[in-house]
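Trainee: Here is a sequence with its predicted model. Questions after.
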Amino acid sequence: MTECIVKEPPGARLKENRSRFYGDVPDDLWMDWKWQFRNRICDIKELERLLQCNFSFLSSVLEKYPMAITPYYFCLIDFDGDFFNDPIFLQSVPSPKELSGTLKVDPLEERRDMVVEGLVCRYADRGLVLLTDICPMLCRHCTRKREWHSQWMRSEEEIDNIIVYIQSKTDIHDVILSGGDPLTLPTKKLEGILQRLLDISHVEIVRIGSRFPVVLPYRIDEELCRMLEKYSPVWFNTHFNHRQEITEESKRACRDIVKTGTPMNNQSVLLKGVNDTAEKQMELCRELLQIKVRPYYLFQADEVSGTEHFRTPIKRGKEIINGMNGNISGLGIPHFVVDLTGGLGKVRLA
């Protein structure tokens, strides 16, 4: 008789780890996204205090690439197994491997395509607005690791210049708000930017790119949702990479966003040791479909300095999509895409 293996529900360890590491934190603070943000794990001493391990070998890494992990996301790590190879640990805790390799800091040439400060226009019909370099978590595979040593938000003057430029270019129909993470902005400030963009007659859609639903879902609060309800068409792109990230909290965050009438897409990155099999991708995408988040892109990891250890051969991504075909609903199969170096843009490979 074949043994039936019951998989642990996504996020099942969150409650246990919260009790273990943050048992003295009351619910009202734990669910306060600003408390989570203020109490991110940002140094070796805090990591050592929590895990009772020596992490001095990370000192040189943090000099070049800082660390920031929300308590919520930290508590998703499976500490009962080989946690150094846990998919959450790999995405959030620095590795000495980040100092190896010879890749570029800005291989996509975003700075070259910045038409005014904060606005990247690579395609004629759309603009990418970099509102801030601040994120709730510093993902180790981030394509903008070059920005990690500064802490800025766009000034009113810079935002004015971005709006004026978009107003002057009638072929821009699609605007993407990115960063950093745009949801680090106060909701009222974000609303003002959304309103100004959607008041431009030729802007047909605004997209918000944020990993908050994944790494700090408490940010998706009533104030934010009330604001999103007022504006259309707005799309929300988020960034789940592994089934382990889908908890009751992240489900609630996505459900509340969808209730506002804001459709959600997921843009995953193919990461070695994290999600580089068809089985892991199908587990993730099945969960995403259940919470009404469309698996949109599976990105080949960018050729960014400090991320080389995450990269897989391009053929691996094609094999994953081929392995998903016929084994999951077509709705659950993302496009496998590479963003070409030199600013040549996205190319769909499968």
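Mentor: Arrived safely. Residues are numbered from 1 along each chain as shown.
Trainee: So which residues of the stretch 51-200 of the chain form helices?
Mentor: In the stretch 51-200 of the chain, the helices defined using DSSP state H, counting those that start in this stretch lie at 59-64, 71-74, 87-92, 156-168, 187-198.
Trainee: is it possible to export the ones you listed to TSV including mean neighbour count and mean pLDDT?
Mentor: Where you see a C-beta, it was placed from the backbone N, CA and C, and this is true even at glycine. Output for those, formatted as TSV (neighbours: other Cβ atoms under 10 Å; pLDDT from 0 to 100):
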stretch	mean neighbour count	mean pLDDT
helix 59-64	14	96
helix 71-74	25	98
helix 87-92	22	98
helix 156-168	15	98
helix 187-198	17	98
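Trainee: Would you mark the buried spots in stretch 97-106?
Mentor: In terms of neighbour count (16 or more other Cβ atoms under 10 Å), stretch 97-106 has its buried residues at Glu98, Asp106.
Trainee: got the contact list for it?
Mentor: Residues from elsewhere that reach stretch 97-106, judged by Cβ atoms under 8 Å, 6 or more residues apart in numbering: 60-61, 64-65, 140, 145-146, 303-309, 341.
Trainee: Pull the most distant pair out of the residues you listed.
Mentor: Ser60 and Thr341 (26.8 Å; Cβ to Cβ).
Trainee: Can you list the buried residues in stretch 285-292?
Mentor: By neighbour count on 16+ other Cβ under 10 Å, the buried set for stretch 285-292 is Cys285, Glu287, Leu288, Leu289, Ile291.
Trainee: My guess is the last one contacts Glu249. True?
Mentor: So the one you mean is Ile291. No: when contacts are counted by Cβ atoms under 8 Å, Ile291 is not listed as touching Glu249 (11.6 Å).
Trainee: now, which of the buried residues of stretch 285-292 lie within helices?
Mentor: Cys285, Glu287, Leu288, Leu289 (DSSP state H).
Trainee: got those residues as TSV, with pLDDT and distance to Leu50 columns?
Mentor: Converted to TSV, those look like this (pLDDT from 0 to 100; distance: Cβ to Cβ, whole Å):
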residue	pLDDT	distance to Leu50
Cys285	98	32
Glu287	97	27
Leu288	98	30
Leu289	98	34
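Trainee: quick one on the thing from earlier: quick one: which of the contacts of stretch 97-106 sit in strands?
Mentor: Among the contacts of stretch 97-106, no member falls in strands (DSSP state E).
Trainee: tell me which of the residues you listed is nearest to Arg255?
Mentor: Arg140 (28.2 Å).
Trainee: Find the nearest non-adjacent residue to that closest one, please.
Mentor: In this structure, Arg140 finds its nearest non-sequential neighbour in Gln91, 5.8 Å apart by Cβ to Cβ, 6 or more residues apart in numbering.
Trainee: Quickly note the distance from that neighbour to Asn39.
Mentor: Remark: distance between Gln91 and Asn39 (Cβ to Cβ, to the nearest Å) = 19 Å.
Trainee: With Leu288 instead?
Mentor: For Leu288 relative to Asn39 (Cβ to Cβ), the value is 29 Å.
Trainee: and if you look at Leu190?
Mentor: Note on Leu190: its distance to Asn39, by Cβ to Cβ, is 23 Å.
Trainee: cool, Val93 as well?
Mentor: According to Cβ to Cβ, Val93 stands 16 Å off from Asn39.
Trainee: surely Ser150 meets Asp133?
Mentor: Yes: contact criterion Cβ under 8 Å: Ser150 and Asp133 qualify, at 5.8 Å.
Trainee: Looking at these two now, which is surrounded by more residues?
Mentor: Legend: neighbour count by other Cβ atoms under 10 Å for Ser150 and Asp133, higher for Asp133 (19 against 8).
Trainee: which non-adjacent residue is nearest that one?
Mentor: Spatial nearest neighbour of Asp133, chain neighbours left out: Glu147 (4.0 Å); criterion: Cβ to Cβ, 6+ apart.
Trainee: Around that neighbour, count how many other residues there are.
Mentor: Glu147: 19 neighbours (other Cβ under 10 Å).
Trainee: Give me the local confidence score for it.
Mentor: pLDDT recorded at Glu147 is 91.
Trainee: Isn't it up against Gly180?
Mentor: Yes: with contact defined as Cβ under 8 Å, Glu147 reaches Gly180; the gap is 7.1 Å.
Trainee: what sits in contact with each of the two?
Mentor: Each of Asp133 lies in contact with both Glu147 and Gly180 under the rule Cβ under 8 Å, 6+ apart.
Trainee: Next up, the contacts around the most centrally placed residue in the chain.
Mentor: With the centre of the chain defined as its mean C-alpha position, the nearest residue by Cα atoms, centre = their mean is Arg211, 3.5 Å away. Contact partners of Arg211, counting by Cβ under 8 Å, 6+ apart, are Cys135, Pro136, Met137, Cys139, Asp181, Thr238, His239.
Trainee: I'd assumed His309 was in contact with Ala301.
Mentor: No: the pair Ala301 / His309 is not scored as a contact, 9.6 Å apart, by Cβ under 8 Å.
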